[in-house]
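# fold the stuff below for me.
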Amino acid sequence: MSACLEQLHAPVPPGDGDRLPFADRVMEPRVPSFYRKTARTHRKHHVPHTWRTRADPFALVWPEVEAALYERSYMTAKEVLVGLMGQYPSLYGERHLRTLQRRVRAWRDEQAALETAEVASLTQTGSGKETG
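Numbering: from 1, shown residues only. Model prediction:
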(Lines give C-alpha, C1' and ligand atoms only; values in the text may rest on other atoms or scores of the structure.)
Protein backbone atom coordinates (compact mmCIF):
# COMPACT_ATOMS: atom_id res chain seq x y z
CA MET A 1 0.00 0.00 0.00
CA SER A 2 2.76 2.44 0.85
CA ALA A 3 4.44 1.69 -2.50
CA CYS A 4 1.27 2.78 -4.27
CA LEU A 5 1.14 5.97 -2.25
CA GLU A 6 4.79 6.68 -2.97
CA GLN A 7 4.19 6.16 -6.68
CA LEU A 8 1.15 8.42 -6.55
CA HIS A 9 3.00 11.22 -4.80
CA ALA A 10 6.27 10.78 -6.71
CA PRO A 11 7.54 13.94 -8.39
CA VAL A 12 6.75 14.23 -12.08
CA PRO A 13 9.91 13.98 -14.23
CA PRO A 14 10.82 17.09 -16.25
CA GLY A 15 9.16 17.19 -19.65
CA ASP A 16 6.28 15.01 -18.54
CA GLY A 17 4.30 17.83 -16.95
CA ASP A 18 1.12 16.87 -18.79
CA ARG A 19 1.43 13.21 -17.80
CA LEU A 20 -0.03 11.96 -14.55
CA PRO A 21 1.61 9.12 -12.60
CA PHE A 22 -1.09 6.63 -13.59
CA ALA A 23 -1.69 7.93 -17.11
CA ASP A 24 -0.29 4.75 -18.61
CA ARG A 25 -3.19 2.85 -17.10
CA VAL A 26 -6.10 4.29 -19.02
CA MET A 27 -9.24 3.17 -17.30
CA GLU A 28 -12.68 3.26 -18.74
CA PRO A 29 -15.28 4.95 -16.55
CA ARG A 30 -16.86 2.33 -14.37
CA VAL A 31 -20.47 1.48 -14.92
CA PRO A 32 -22.22 0.32 -11.77
CA SER A 33 -22.80 -3.40 -11.89
CA PHE A 34 -26.54 -3.07 -11.46
CA TYR A 35 -26.74 -1.31 -14.83
CA ARG A 36 -24.88 -4.13 -16.50
CA LYS A 37 -27.15 -6.70 -14.92
CA THR A 38 -30.35 -5.00 -16.02
CA ALA A 39 -29.24 -3.75 -19.43
CA ARG A 40 -31.06 -5.46 -22.24
CA THR A 41 -29.13 -6.40 -25.31
CA HIS A 42 -32.25 -6.65 -27.45
CA ARG A 43 -35.63 -5.02 -27.29
CA LYS A 44 -38.96 -6.43 -28.25
CA HIS A 45 -41.10 -4.45 -30.62
CA HIS A 46 -43.30 -2.13 -28.60
CA VAL A 47 -47.00 -2.64 -29.19
CA PRO A 48 -49.18 0.32 -28.22
CA HIS A 49 -51.54 -0.44 -25.35
CA THR A 50 -54.95 0.05 -26.93
CA TRP A 51 -57.02 -2.52 -25.10
CA ARG A 52 -59.01 -2.00 -21.93
CA THR A 53 -58.63 -4.18 -18.89
CA ARG A 54 -62.00 -3.21 -17.41
CA ALA A 55 -65.26 -1.64 -18.48
CA ASP A 56 -65.34 2.12 -18.90
CA PRO A 57 -66.96 3.52 -15.73
CA PHE A 58 -68.14 6.67 -17.55
CA ALA A 59 -69.69 4.99 -20.60
CA LEU A 60 -73.26 5.42 -19.31
CA VAL A 61 -72.92 9.05 -18.26
CA TRP A 62 -70.47 10.34 -20.87
CA PRO A 63 -73.18 12.24 -22.81
CA GLU A 64 -74.02 14.11 -19.57
CA VAL A 65 -70.35 14.84 -18.92
CA GLU A 66 -69.85 16.02 -22.49
CA ALA A 67 -72.90 18.29 -22.26
CA ALA A 68 -71.58 19.78 -19.02
CA LEU A 69 -68.21 20.40 -20.63
CA TYR A 70 -69.84 22.06 -23.65
CA GLU A 71 -71.83 24.37 -21.35
CA ARG A 72 -68.94 25.23 -19.06
CA SER A 73 -65.65 24.41 -20.78
CA TYR A 74 -63.67 25.77 -17.82
CA MET A 75 -64.94 22.99 -15.51
CA THR A 76 -62.31 20.72 -14.07
CA ALA A 77 -62.63 16.96 -13.96
CA LYS A 78 -62.88 17.20 -10.19
CA GLU A 79 -65.93 19.46 -10.45
CA VAL A 80 -67.53 17.08 -12.95
CA LEU A 81 -66.84 14.14 -10.64
CA VAL A 82 -68.35 15.94 -7.63
CA GLY A 83 -71.52 16.45 -9.69
CA LEU A 84 -71.57 12.79 -10.71
CA MET A 85 -71.01 11.70 -7.11
CA GLY A 86 -74.03 13.78 -6.12
CA GLN A 87 -76.23 12.23 -8.81
CA TYR A 88 -74.88 8.67 -8.63
CA PRO A 89 -73.33 8.18 -5.18
CA SER A 90 -73.22 4.39 -5.45
CA LEU A 91 -71.43 4.42 -8.82
CA TYR A 92 -68.75 7.09 -8.52
CA GLY A 93 -66.17 7.96 -5.92
CA GLU A 94 -62.77 9.59 -5.56
CA ARG A 95 -61.15 6.52 -7.09
CA HIS A 96 -62.55 7.54 -10.49
CA LEU A 97 -60.91 10.96 -10.56
CA ARG A 98 -57.80 10.03 -12.52
CA THR A 99 -59.80 8.14 -15.13
CA LEU A 100 -62.13 11.10 -15.58
CA GLN A 101 -59.16 13.47 -15.83
CA ARG A 102 -57.76 11.38 -18.68
CA ARG A 103 -61.12 11.29 -20.44
CA VAL A 104 -61.64 15.06 -20.07
CA ARG A 105 -58.13 15.77 -21.34
CA ALA A 106 -58.69 13.50 -24.37
CA TRP A 107 -62.04 15.20 -25.04
CA ARG A 108 -60.44 18.66 -24.87
CA ASP A 109 -57.62 17.58 -27.18
CA GLU A 110 -60.18 16.24 -29.63
CA GLN A 111 -62.19 19.47 -29.49
CA ALA A 112 -59.05 21.55 -30.02
CA ALA A 113 -58.09 19.43 -33.03
CA LEU A 114 -61.57 19.87 -34.51
CA GLU A 115 -61.44 23.64 -34.00
CA THR A 116 -57.97 23.85 -35.50
CA ALA A 117 -59.05 21.85 -38.53
CA GLU A 118 -62.13 24.05 -38.90
CA VAL A 119 -60.08 27.25 -38.73
CA ALA A 120 -57.56 25.83 -41.20
CA SER A 121 -60.30 24.92 -43.67
CA LEU A 122 -61.85 28.39 -43.34
CA THR A 123 -58.54 30.13 -43.95
CA GLN A 124 -57.79 27.92 -46.96
CA THR A 125 -61.17 28.60 -48.55
CA GLY A 126 -60.97 32.28 -47.65
CA SER A 127 -57.42 32.78 -48.96
CA GLY A 128 -58.53 32.53 -52.60
CA LYS A 129 -60.97 35.41 -52.25
CA GLU A 130 -59.85 38.95 -52.80
CA THR A 131 -60.72 41.53 -50.22
CA GLY A 132 -61.77 44.85 -51.54
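# where does the chain dip in pLDDT?
1-44, 126-132 (pLDDT under 70).
# so where do the helices sit in it?
With DSSP state H as the criterion, the chain has helices at 2-8, 33-38, 62-71, 77-87, 97-126.
# please convert those to CSV, extending it with mean neighbour count and distance to residue 46.
All C-beta atoms are positioned from the backbone trio N, CA, C, and that covers glycine. As requested, the helices of the chain are exported to CSV (neighbours: other Cβ atoms under 10 Å; distance: least, Cβ to Cβ, whole Å):
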stretch, mean neighbour count, distance to residue 46
helix 2-8, 9, 49
helix 33-38, 8, 18
helix 62-71, 13, 29
helix 77-87, 16, 29
helix 97-126, 12, 20
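# wait, which of those helices is closest to residue 49?
For residue 49, the closest of the helices of the chain is helix 97-126, at 12.9 Å, according to Cβ to Cβ.
# got the angle for the closest one vs helix 77-87?
120 degrees (axes from the mean of the first three to the mean of the last three Cα atoms, to 10 degrees).
# so can I have TSV of the helices of the chain showing distance to residue 45?
As requested, the helices of the chain are exported to TSV (distance: least, Cβ to Cβ, whole Å):
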stretch	distance to residue 45
helix 2-8	51
helix 33-38	20
helix 62-71	33
helix 77-87	34
helix 97-126	25
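# of these, which approaches residue 48 most closely?
helix 97-126 (14.8 Å).
# now the angle from the closest one to helix 62-71?
Comparing the axes of helix 97-126 and helix 62-71 via the same axes, to 10 degrees yields an angle of 60 degrees.
# so what does helix 97-126 touch, helix or strand wise?
helix 62-71, helix 77-87 (3 or more Cβ pairs under 8 Å, 6 or more residues apart in numbering; DSSP states H and E).
# list of residues touching the shortest one?
To tie it back to what came earlier, the one meant is helix 62-71. With contact meaning Cβ atoms under 8 Å, 6 or more residues apart in numbering, helix 62-71 is reached by 56, 58, 75, 80, 83, 84, 100, 103, 104, 107, 108.
# for the first one, grab the count of nearby residues.
In this case it means residue 56. Look at residue 56: counted by other Cβ atoms under 10 Å, it has 10 neighbours.
# thank you kindly, that will do.
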